[in-house]
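Participant: structure for this input, please:
(3 chains)
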Amino acid sequence: MQAARLFFTEKLLEWNQEHNSRSMPWKGEKDPYRIWLSEIILQQTRVEQGWPYYERFISQYPTANDLAAANEEEVFRLWQGLGYYARCKNMLAAAREISQTYLGRFPDKYEQINALKGIGPYTAAAIASFAFNLPYAVLDGNVFRVLSRFFGIDTPMDTTAGKKLFADLAQELLPKDKSAIYNQSIMDFGAVVCKPQLPECDTCPLQKKCAAYHEGTVSLLPVKTKKLQIKKRYFNYIIASWKDQIYIRKRTESDIWQNLHEFILLETAAPADSTQILSGTDFQQIFGEAAYETTRISKPFKQQLTHQTIHSQFINIAIDQPLEIPGYQLIPTASLDNFAFPKTITSFLQSKTGLLL
DNA sequence: AAACCGGGGTC
DNA sequence: GACCCAGGTTT
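Facilitator: Here you go, the predicted model:
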């Protein structure tokens, strides 16, 4: 076992020297703020998808103090389209913590880093090792996969016992004096060679001692137990306009898209056409007997989230006098760009069936 | 421990 | 359609 472990770390570092192919703007970066920002953006996000966001954030907010002082809505607009919006909110809170408690100087102790909002074990280990060369092994999707395959571990990774097992193993394997380069290597290796699908076992430098390769279980590892259920939801958006203004609100309930904005939402349990919506009790509760004119009805929009499929429809109506609608605010249509919206709404706004009344 | 949180890419 | 992505927080 010990021999396999030495073989593993040695070959991995060797592979990294020969194939340092994944270039990224934050590679070799030593500024903890920049490392932190990239790691937050890359949580559950592909490098190619997060890259442009990272560059925009760095250019807009070069330091933690800049981010701490930023206008919140502006930050959410910069994050718009990236998903998992709690990351953005937590990132702002952490930036303010760094600015106030640590006077703008990024903390350099693992426990302090781990205690920041939005930073968990993975991100703390990444910052600690990359920025401060502290001996903490990263454990992300790549590491789970590489370790489970090479060592032939079929313990489910999405359980408490599994996480501890893999975390302990990862920490034991870490060469303490090369934590930055080793952490970098194992994640690159998982992304380039030991990929989830169609891994390149034929040319893999670890093949000789890879348990899964010899047992023919590569495609079965890592093991997960939980299967997610996807529910369908039907969002009927009323875009009510009065003169050059429309009603929007910020989503604050514990639900998807927190801190993003939307139009007047009438959610139904099943698909509903515009006639049903406009004659429904939810609509009448808001608009009562107010006079309105239907100006446009959009095509159906569909968006796939991790746990939900959102079917949306947009109905434009024009009212002839302003109403007080609880929870909603009336804003100039021209100022829509100042607010962050979920993808399905920006898609609608950019489509031909948009707001042109 | 389980549920929840986006958007995009790949097969 | 299923799975995954430089995961973390809430319930």
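Participant: all contacts plus neighbour counts: C-alpha atoms, from now on.
Facilitator: Noted.
Participant: and the residue of the stretch 101-250 of chain A found nearest DNA strand B, how far is that from residue A:217?
Facilitator: In the stretch 101-250 of chain A, the residue that lies nearest DNA strand B is residue A:160 (4.0 Å; C-alpha to the nearest atom of the strand). Using C-alpha to C-alpha, to the nearest Å, one obtains 23 Å as the distance from residue A:160 to residue A:217.
Participant: those two: who's more crowded?
Facilitator: Summary of the neighbour comparison: residue A:160 and residue A:217, criterion other C-alpha atoms under 10 Å, with residue A:217 having more neighbours (14 against 9).
Participant: for that one, list the residues it contacts.
Facilitator: The neighbourhood of residue A:217, defined by C-alpha atoms under 8 Å, 6 or more residues apart in numbering, consists of A:149, A:152.
Participant: one more: residue A:212?
Facilitator: For residue A:212, the contact set (C-alpha under 8 Å, 6+ apart) comprises A:149-152, A:218, A:221.
Participant: element containing it?
Facilitator: Taking DSSP states H and E as the criterion, the element that holds residue A:212 is helix A:211-215.
Participant: any idea how far that helix is from the chain center?
Facilitator: 33 Å (C-alpha atoms, centre = their mean, to the nearest Å).
Participant: do it and DNA strand C meet at all?
Facilitator: No: contact check for helix A:211-215 against DNA strand C, using C-alpha under 7 Å from any atom of the strand: none in range, with a minimum separation of 14.6 Å.
Participant: buried ones in that helix?
Facilitator: Across helix A:211-215, burial judged by 16 or more other C-alpha atoms under 10 Å covers A:211-213.
Participant: do I have it right that residue A:158 meets residue A:226?
Facilitator: Yes: in terms of C-alpha atoms under 8 Å, residue A:158 counts as a neighbour of residue A:226; the distance is 7.3 Å.
Participant: more neighbours, these two?
Facilitator: residue A:158 (13 against 10).
Participant: please name the nearest non-neighbouring residue to the more buried one.
Facilitator: residue A:224 (5.8 Å; C-alpha to C-alpha, 6 or more residues apart in numbering).
Participant: could you look up the SS state of that neighbour?
Facilitator: Three-state assignment for residue A:224 (DSSP: H, G, I helix; E, B strand; the rest coil): coil.
Participant: so who does it touch?
Facilitator: Listed by C-alpha under 8 Å, 6+ apart, the contact partners of residue A:224 are A:156-158.
Participant: for it, grab phi and psi.
Facilitator: Summarising the backbone geometry of residue A:224 under the convention degrees, to the nearest 10, its torsions are phi -120, psi 150.
Participant: how near is it to residue A:98?
Facilitator: In this structure, residue A:224 and residue A:98 are 36 Å apart, going by C-alpha to C-alpha.
Participant: for the residue nearest the centre of chain A, give me its contacts.
Facilitator: Central residue of chain A (C-alpha atoms, centre = their mean): residue A:84, 4.1 Å from the mean position. By C-alpha under 8 Å, 6+ apart, the residues touching residue A:84 are residue A:257.
Participant: mind redoing it with 10 Å?
Facilitator: Listed by C-alpha atoms under 10 Å, 6 or more residues apart in numbering, the contact partners of residue A:84 are A:41, A:43-45, A:256-258.
Participant: ok, and which of these reach DNA strand B?
Facilitator: Filtering the contacts of residue A:84 for proximity to DNA strand B (criterion: C-alpha under 7 Å from any atom of the strand) leaves A:44-45, A:256-258.
Participant: could you tell me which residues of the stretch 151-300 of chain A lie near DNA strand C?
Facilitator: If contact is defined as C-alpha under 7 Å from any atom of the strand, the residues of the stretch 151-300 of chain A in contact with DNA strand C are A:184, A:187-188, A:191, A:196, A:222, A:224, A:227, A:254.
Participant: near DNA strand B too, which of the residues you listed?
Facilitator: Cross-checking those against DNA strand B (C-alpha under 7 Å from any atom of the strand) gives residue A:254 as the overlapping residues.
Participant: now, which of the residues of the stretch 151-300 of chain A next to DNA strand C lie within helices?
Facilitator: Using DSSP state H, the subset of those located in helices is A:184, A:187-188, A:191.
Participant: list phi and psi for the nearest residue to residue A:304 once chain neighbours are set aside.
Facilitator: Nearest residue to residue A:304 in three dimensions, chain neighbours excluded: residue A:310, at 6.3 Å (C-alpha to C-alpha, 6+ apart). Its backbone dihedrals place residue A:310 at phi -100, psi 120, with angles given as degrees, to the nearest 10.
Participant: burial measure for residue A:310, as a count.
Facilitator: A count of nearby residues for residue A:310, using other C-alpha under 10 Å, gives 17.
Participant: now the one 4 residues further on
Facilitator: For residue A:314, the tally of surrounding residues (other C-alpha under 10 Å) stands at 26.
Participant: which SS class is it?
Facilitator: At residue A:314, secondary structure determined by three-state DSSP is strand.
Participant: DNA strand C versus that one, what's the distance?
Facilitator: Counting by C-alpha to the nearest atom of the strand, to the nearest Å, the gap between residue A:314 and DNA strand C amounts to 22 Å.
Participant: quick one: contacts for that residue?
Facilitator: Contact partners of residue A:314, counting by C-alpha under 10 Å, 6+ apart, are A:235-239, A:263-265, A:274, A:296-301, A:345, A:348-349, A:353-355.
Participant: just the buried residues of these.
Facilitator: Members of the contacts of residue A:314 that pass the buried threshold by neighbour count (16+ other C-alpha under 10 Å) are listed as A:235-239, A:263-265, A:274, A:296-298, A:345, A:348-349, A:354-355.
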